[in-house]
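Q: The following block contains a protein sequence and its predicted model.
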Amino acid sequence: MEKAESLQEFYSRKFEWIPESLSKDIGHVNVFRLPHPANKPVPYRRRDFFKVTLCRGGSRIHYADKVFSFEKQALVFSNPFIPYKWEHIDQEIAGFYVVFNARFFNQFGNLIQYEVFQPAGTHVFELDDAQFESLGGVFEKMEAELASEYIHKYDAIRNMIYELIHYAMKTRPSTRVEQLPINAAQRIHWLFLELLERQFPIDENHVEIQLRTASDFATQLNVHVNHLNRAVKETCGKTTSQLIGERLLQEAKIMLKQSQWNVSEIAFALGFTEVTHFNNFFKKHTDVSPVKFRKE
């Protein structure tokens, strides 16, 4: 599978320059306005950074194995786990976007606990005119903070990014989040999800998942598998095996469409000991074989 685009590659592709701060291996954040003077196509691939985009102008977003479209304006969340491509349908595009890496939020909350950054979460939020203008003000404040000499400006920007996250989630409340109890079960559930996500994406540097079953995750979390299963079920209503299966299926679809790996290589990378087991798993959930899915 193609390697995820780094921030260095992003800057080279978009602007043909690289900020000096990126070489220091520290947290990075930047805010941009749309459109760019020389707006270049956004290729379909993963990025190793997060991005929040406020866009006015009809667009189509290819996100993992799905396509989202909006006619006027939207707030869109992208994460390092899912590849995407953006197509602007309208000629007139306006708005902002902020890019940042995981290190920028080191010890400042846990971004992936929010479903806007989870593979199965909601990533595109359509907005009305008033909402667009209101959120535009948040991005303008981020721009001003970046240009300021305020010693705690990056904390201020982190809080504004959280403001965007919470604004979106309140716009379309998640029943799953509303049901989450704030207790030990929730904590175990999120630790499980974090371990699950750490195994992806599959690429040349990370060629095979290590944790494949509920027992594998329970051992890693140092809890009994029944305790893990109860916590996950209580928190999200699904079984541990269901969540593992859904994530494996999503990764399988991405790899079939976006990589040159053959079906056997994909099956083994995802922890299947027999290709037949992978074929049966894939067909059970999609009604088509991996080979047919790749050709469609």
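A: Received it, and whenever you're ready, just let me know what you need. Residues are numbered from 1 along each chain as shown.

Q: rest of the way, CA atoms for contacts and neighbours
A: Noted.

Q: okay, and for the stretch 1-150 of the chain, where does confidence drop off?
A: 1-3, 23-26, 37-42, 65, 119 (pLDDT under 70).

Q: how about the helices in it?
A: 7-15, 129-147 (DSSP state H, counting those that start in this stretch).

Q: Is it possible to get a markdown table of those helices that adds distance to E274?
A: What follows is the helices of the stretch 1-150 of the chain, written out as a markdown table (distance: least, CA to CA, whole Å):
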| stretch | distance to E274 |
| --- | --- |
| helix 7-15 | 37 |
| helix 129-147 | 50 |
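
Q: So which of those is nearest Q210?
A: helix 7-15 (27.2 Å; CA to CA).

Q: how far out from the middle of the chain is the closest one?
A: Remark: helix 7-15 is offset 19 Å from the chain centroid, using CA atoms, centre = their mean, to the nearest Å.

Q: Can you dump the C-alpha atoms of that helix in CSV for me?
A: Taking C-alpha atoms only, helix 7-15 is exported to CSV below (Å, rounded to 0.1, in the frame of the first residue of the first chain):
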residue,chain,number,x,y,z
LEU,A,7,3.5,16.8,6.4
GLN,A,8,6.8,17.4,4.5
GLU,A,9,5.2,15.8,1.4
PHE,A,10,2.0,17.8,2.0
TYR,A,11,3.9,21.1,2.0
SER,A,12,6.0,20.2,-1.0
ARG,A,13,2.9,19.2,-3.0
LYS,A,14,0.8,22.2,-2.0
PHE,A,15,3.3,25.0,-1.6
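
Q: Tell me which other helices or strands that helix touches.
A: On a contact count with 3 or more CA pairs under 8 Å, 6 or more residues apart in numbering; DSSP states H and E, helix 7-15 meets no helix or strand.

Q: cutoff 10 Å now
A: When contacts are defined as 3 or more CA pairs under 10 Å, 6 or more residues apart in numbering; DSSP states H and E, helix 7-15 packs onto strand 94-100.

Q: Next, the buried residues of the strand it packs on.
A: G95, F96, Y97, V98, V99, F100 (16 or more other CA atoms under 10 Å).

Q: Any chance of CSV for these, columns distance to I254?
A: As requested, these are exported to CSV (distance: CA to CA, whole Å):
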residue, distance to I254
G95, 29
F96, 28
Y97, 25
V98, 25
V99, 23
F100, 24
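
Q: can you name the two of these that are farthest apart?
A: Longest distance between any two of the buried residues of strand 94-100 is 17.3 Å, between G95 and F100; criterion CA to CA.

Q: picking up where we left off before, tabulate the helices of the stretch 1-150 of the chain in TSV, adding columns for mean neighbour count.
A: Formatted as TSV, the helices of the stretch 1-150 of the chain follow (neighbours: other CA atoms under 10 Å):
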stretch	mean neighbour count
helix 7-15	15
helix 129-147	16
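
Q: Out of those, which gets nearest to F68?
A: That would be, of the helices of the stretch 1-150 of the chain and by CA to CA, helix 129-147, which comes in at 18.3 Å.

Q: could you point out which element follows that closest one?
A: Using DSSP states H and E, the helix or strand that follows helix 129-147 in sequence is helix 153-171.

Q: Out of the helices of the stretch 1-150 of the chain, flag the one nearest Q258.
A: The closest of these to Q258 is helix 7-15. By CA to CA, the value is 18.7 Å.
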